[in-house]
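Visitor: what follows is a protein structure lacking sequence information:
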């Protein structure tokens, strides 16, 4: 079956532009996560959805970052007025169940590499 | 909050050598522990996991044991192959038990 897909795979933006990154989770997966991975670093948590509800956005680095999942499926991460420090790979992951279960495997997409010039 | 520290790379080995990548963690409560692998040009994949103390996760010849007394989850493989060349990430669940907290990654390069 299809895994998590993300688009675009690569995005180049000029400083100050707005960008929108899309994530299509595995069908039926309740939970959806966004992570930011800077060059040479591990992924860092940005935000978490359970269905359409954004339950945790504590990792969003500034109010220029906004995420939504209006119908509980596809999610969009929007970055307004991009800065050079926003350059990173943005990873989306989904998992089957929600809530505080013992563990639900997170399946990762290939990521979107954002370069801000 | 929870955090993880893993051995810095790169690690360069010859085929059939023994591999250890160290990982230690700091956590409140009882996190689940994971090793993820990122092969060149591919996305992150779960390699193995352990959900409670003394559990051993294993997959593809790799093993790691959840050691609460030493707060460690070291990755080992008895005989590496060229195809194991990748970046390996140690991770644990956050205090809420949902999101993952990753280490910085260790690049493994295996030559024939």
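Guide: Thanks, I have it. This is a predicted model, so every value here is computed, not measured. Numbering: from 1, shown residues only, chains lettered A, B, ... in the order given.
Visitor: for the residue in chain B that chain A sits nearest to, give me its contacts.
Guide: Of chain B, the residue with the smallest distance to chain A, taken as CB to the nearest CB, is residue B:102 at 3.2 Å. In this view, the C-beta of every residue, glycine as well, is placed from N, C-alpha and C. Contacts of residue B:102 were listed using CB atoms under 8 Å, 6 or more residues apart in numbering or on different chains, and they are A:42, A:43, A:44, B:4, B:36, B:89, B:90, B:91.
Visitor: go with 6 Å
Guide: If you count contacts by CB atoms under 6 Å, 6 or more residues apart in numbering or on different chains, residue B:102 has them with A:42, A:43, B:89, B:91.
Visitor: nearest spatial neighbour of the spatially most central residue of chain A, skipping sequence neighbours?
Guide: Per CA atoms, centre = their mean, the C-alpha nearest to the average position across chain A is that of residue A:34, at 2.9 Å. With CB to CB, 6 or more residues apart in numbering or on different chains as the criterion, residue A:34 has its nearest non-adjacent residue at 4.2 Å, and that residue is residue A:46.
Visitor: ok, back up a step: pLDDT score assigned to the residue of chain B closest to chain A?
Guide: In this prediction, residue B:102 carries a pLDDT score of 96.
Visitor: how about it: what's its closest non-neighbour residue?
Guide: Nearest to residue B:102 is residue A:42, by CB to CB, 6+ apart, at 3.2 Å.
Visitor: quick one: neighbours of the one residue in chain A that gets nearest to chain B, just the number.
Guide: For chain A, the residue closest to chain B is residue A:42, as judged by CB to the nearest CB, at 3.2 Å. Using other CB atoms under 10 Å in any protein chain shown as the criterion, residue A:42 is surrounded by 22 other residues.
Visitor: ok, it to residue B:90 distance?
Guide: Here the criterion is CB to CB, to the nearest Å. By it, residue A:42 lies 8 Å from residue B:90.
Visitor: any residues in contact with both of those two?
Guide: residue B:103.
Visitor: mind listing the strands for chain A?
Guide: Taking DSSP state E to define them, one finds strands in chain A at A:5-7, A:10-13, A:19-24, A:31-37, A:44-50, A:53-56, A:65-68, A:75-79, A:88-95, A:107-108, A:112-116.
Visitor: let me redo that: chain B
Guide: Secondary structure of chain B, counting by DSSP E: strands at B:3-6, B:11-14, B:19-21, B:23-26, B:33-38, B:44-50, B:56-59, B:62-65, B:75-77, B:86-93, B:100-102, B:106-111.
Visitor: can the fourth one be found next to chain A?
Guide: No. Residues of strand B:23-26 are not located near chain A by CB under 6 Å from any CB of the partner chain, the shortest gap being 11.3 Å.
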